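Novice: okay, sequence plus prediction incoming.
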Amino acid sequence: MVEQQKPHGGKLIDRTLSNGEAEDIINRANDFQSIEIGPELVKDVENIASGLFSPLEGFLTSDDYERVLYDKRLSSGIPWTIPIVLDLSKEKASNLNPGDEVLLRHNNQPVALLNVDDVYKFNKRVHCEQVFGTTDDAHPGVAKIYQLNDRLVGGKINLLNETSTPFYEYALKPAETRSMFKEKDWEKVVGFQTRNVPHLGHEFIQKTALSLVDGLFINPVIGRKKSGDFKDNVILDSYESLIENYFPQDRATLGIFQTEMRYAGPREAIFHAIVRKNFGCTHFIVGRDHAGVGSFYHPFAAHEIFSEFDEEELGITPIFFKSFFYCKKCRGIANDKTCPHSEEQIVNFSGTRMREMLTNGERPPADSMRPEVADSILKYENPFVE
């Protein structure tokens, strides 16, 4: 019998109300104060409700926020590295008190009910320094924080309505992925985080990790990204092509993680590992410059942060990979541990070069990208976020 991975904190959180309970609250919507939230916060709410952010049951209270900021843990001591917060204006905050129930709306439609625990100030510069390691607003995560309101509200949520997604077939909840892994008889599952289309280096990393476990869960981030990133549907189509043509059909599957990229480098690597643990993964691939942006983090900072946590308390095994390249002499993918040949024989995977070729309607060479993957991208007139 397959022994399943335990959720982070030991219990898979479920904060989704029954249809009857939700309908009752929606019918009384005018009885509640309300807060309008954007699409990224909606996804945070839904990820809390489904248990993907277990053990969180809502937005961080001040005690949890402070511990996460400075200690990378919740007040309970459980590892957690990214503050999941709800911001609101000083004026709105002045009308809220602990114990209040507030309706969270998106496009004026009820999404969730928030039970207010506390409302507190936060220092944006300190937040950025701790989470991103910089206060430079050239960093997209820092720029986002500087745009937030001046107060945060913490408290548990109850989901009333789930928003629609164009990628419904891939939007599996933790309970569903866990059931799927069990049906596939996968006891050991490795998760792969990505916000890019796959080249041969990615495929090699995935297959190397897959050789150690029972199944591979390819889990792209779907949501707000920076300009120049690949569009969500392009990423999904490219991976469908890769799985169909180059993976055993009973050993790899595709599902999405609906959230925004925060580009928090090492802290986000831990957060991504925890999320995949909640999906049911036992292992997690951590590559070069995981969740990085520009030159804000050194290439292997995301590897080093795992040493700050005991593997037992984190509860998921990281698999670290450095850089890979194509060796003409070896006629395959290699790295400096496996290949003795000179630089003249080495073809590095240049994302910039591949993007240029794809932009120009050209298929990257076979030593960089599978032709079927390239063709799935080239069918789009513009595959990049503007």
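Specialist: Cool, got the structure. Numbers count the residues shown, from 1 in each chain.
Novice: so what touches stretch 128-144?
Specialist: With contacts defined as CB atoms under 8 Å, 6 or more residues apart in numbering, stretch 128-144 is touched by 69-70, 82-83, 125, 145-146, 226, 262-265, 267, 293-294, 296-297. (Glycine included, C-beta is placed from N, CA and C.)
Novice: got it, and stretch 202-218?
Specialist: Contacts of stretch 202-218 (CB under 8 Å, 6+ apart): 177, 181, 184-192, 194, 196, 198, 239, 242-243, 246-247, 251-255, 276, 279-283, 285, 287, 319, 321, 324, 333, 370.
Novice: span of it from start to end?
Specialist: 11 Å (CA to CA, to the nearest Å).
Novice: okay, now the nearest residue to Ala291 once chain neighbours are set aside: neighbour count?
Specialist: Counting by CB to CB, 6 or more residues apart in numbering, Glu268 is the residue found nearest to Ala291 once chain neighbours are left out, at 3.7 Å. Using other CB atoms under 10 Å, the number of residues around Glu268 comes to 24.
Novice: isn't His127 up against Ile82?
Specialist: No: between His127 and Ile82 there is no contact under CB atoms under 8 Å: 11.1 Å.
Novice: so where is the stretch 201-350 of the chain shaky, pLDDT-wise?
Specialist: Along the stretch 201-350 of the chain, no part satisfies pLDDT under 70.
Novice: OK, contacts around Lys264?
Specialist: Residue 264: Ala, not Lys. Applying CB under 8 Å, 6+ apart to Ala264 gives the contacts Thr81, Ile82, Val131, Phe132, Gly141, Phe271, Ala291.
Novice: hang on, I meant Cys327
Specialist: Taking CB under 8 Å, 6+ apart, one finds Ile333, Ala334, Cys339, His341, Gln345, Ile346, Val347 in contact with Cys327.
Novice: make it 10 Å
Specialist: Cys327 is in contact with Ile333, Ala334, Asn335, Thr338, Cys339, Pro340, His341, Ser342, Gln345, Ile346, Val347, Asp367, counting by CB atoms under 10 Å, 6 or more residues apart in numbering.
Novice: picking that back up, looking at the contacts of Ala264, which are in helices?
Specialist: Using DSSP state H, Val131, Phe132, Gly141, Phe271 are the members of the contacts of Ala264 that sit in helices.
Novice: all helices for the stretch 51-200 of the chain, in order.
Specialist: 62-71, 90-93, 124-132, 140-146, 174-183, 200-210 (DSSP state H, counting those that start in this stretch).
Novice: of those helices, which is nearest Asp310?
Specialist: Taking CB to CB, helix 62-71 is the member of the helices of the stretch 51-200 of the chain nearest to Asp310, at 14.4 Å.
Novice: and the angle from that closest one to helix 124-132?
Specialist: 60 degrees (axes from the mean of the first three to the mean of the last three CA atoms, to 10 degrees).
Novice: show me what helix 62-71 is packed against.
Specialist: strand 109-121, helix 124-132, strand 151-159 (3 or more CB pairs under 10 Å, 6 or more residues apart in numbering; DSSP states H and E).
Novice: which of the ones you listed is buried the deepest?
Specialist: Each of the helices and strands packed on helix 62-71 was scored by mean neighbour count; the highest is strand 151-159, a mean of 22, by mean count of other CB atoms under 10 Å.
Novice: ok now it, how far from the chain's centre?
Specialist: 21 Å (CA atoms, centre = their mean, to the nearest Å).
Novice: still on that earlier bit, which among the contacts of stretch 202-218 count as buried?
Specialist: For these, a burial check counting by 16 or more other CB atoms under 10 Å picks out 177, 181, 186-192, 194, 196, 198, 239, 242-243, 246-247, 252-255, 276, 279-283, 285, 287, 319, 321, 324, 333, 370.
Novice: of the residues you listed, which belong to strands?
Specialist: Counting by DSSP state E, the part of the buried ones among the contacts of stretch 202-218 found in strands is Val189, Val190, Gly191, Phe192, Thr194, Ala252, Thr253, Leu254, His283, Ile285, Ile319, Ile333.
Novice: nearest to Asn97 among those?
Specialist: Nearest to Asn97 among these, with distances taken as CB to CB, is Gly191, at 40.7 Å.
Novice: for that closest one, which non-adjacent residue is spatially closest?
Specialist: Using CB to CB, 6+ apart, the nearest residue to Gly191 is Arg276, at 3.4 Å.
Novice: isn't that neighbour right up against Arg178?
Specialist: No: in this structure, Arg276 is not within contact of Arg178 by CB atoms under 10 Å, at 11.8 Å.
Novice: any common contacting residues for these two?
Specialist: Contacts common to Arg276 and Arg178, judged by CB under 10 Å, 6+ apart, are Gln5, Val189.
Novice: can you pull the phi/psi pair for Asn382?
Specialist: Dihedral angles of Asn382 (phi, psi; degrees, to the nearest 10) stand at phi -140, psi 100.
Novice: how near is it to Phe324?
Specialist: Distance, Asn382 to Phe324, by CB to CB, to the nearest Å: 29 Å.
Novice: and Ser179, by the same measure?
Specialist: To Phe324, Ser179 is 34 Å away according to CB to CB.
Novice: likewise Leu160?
Specialist: Relative to Phe324, and taking CB to CB, Leu160 is found at 46 Å.
Novice: picking that back up, and the helix or strand encompassing the residue nearest to Ala291, how far out from the chain's middle?
Specialist: For Glu268, the element it lies in under DSSP states H and E is helix 266-279. Offset of helix 266-279 from its chain centre (CA atoms, centre = their mean): 7 Å.
Novice: what angle sits between it and helix 62-71?
Specialist: Here helix 266-279 runs at an angle of 120 degrees relative to helix 62-71 (the same axes, to 10 degrees).
Novice: grab the CA positions of helix 266-279 and hand them over as PDB.
Specialist: Taking Å, rounded to 0.1, in the frame of the first residue of the first chain, the C-alpha atoms of helix 266-279 are listed here in PDB:
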ATOM      1  CA  PRO A 266      16.000  31.400  -1.800                       C
ATOM      2  CA  ARG A 267      12.900  32.100   0.400                       C
ATOM      3  CA  GLU A 268      10.600  31.300  -2.500                       C
ATOM      4  CA  ALA A 269      12.500  28.100  -3.100                       C
ATOM      5  CA  ILE A 270      11.500  26.900   0.400                       C
ATOM      6  CA  PHE A 271       7.900  28.100  -0.200                       C
ATOM      7  CA  HIS A 272       7.700  26.300  -3.500                       C
ATOM      8  CA  ALA A 273       9.000  23.100  -1.800                       C
ATOM      9  CA  ILE A 274       6.300  23.300   0.900                       C
ATOM     10  CA  VAL A 275       3.600  23.800  -1.700                       C
ATOM     11  CA  ARG A 276       4.700  20.700  -3.600                       C
ATOM     12  CA  LYS A 277       4.800  18.800  -0.300                       C
ATOM     13  CA  ASN A 278       1.100  19.800   0.100                       C
ATOM     14  CA  PHE A 279       0.400  18.600  -3.400                       C
END
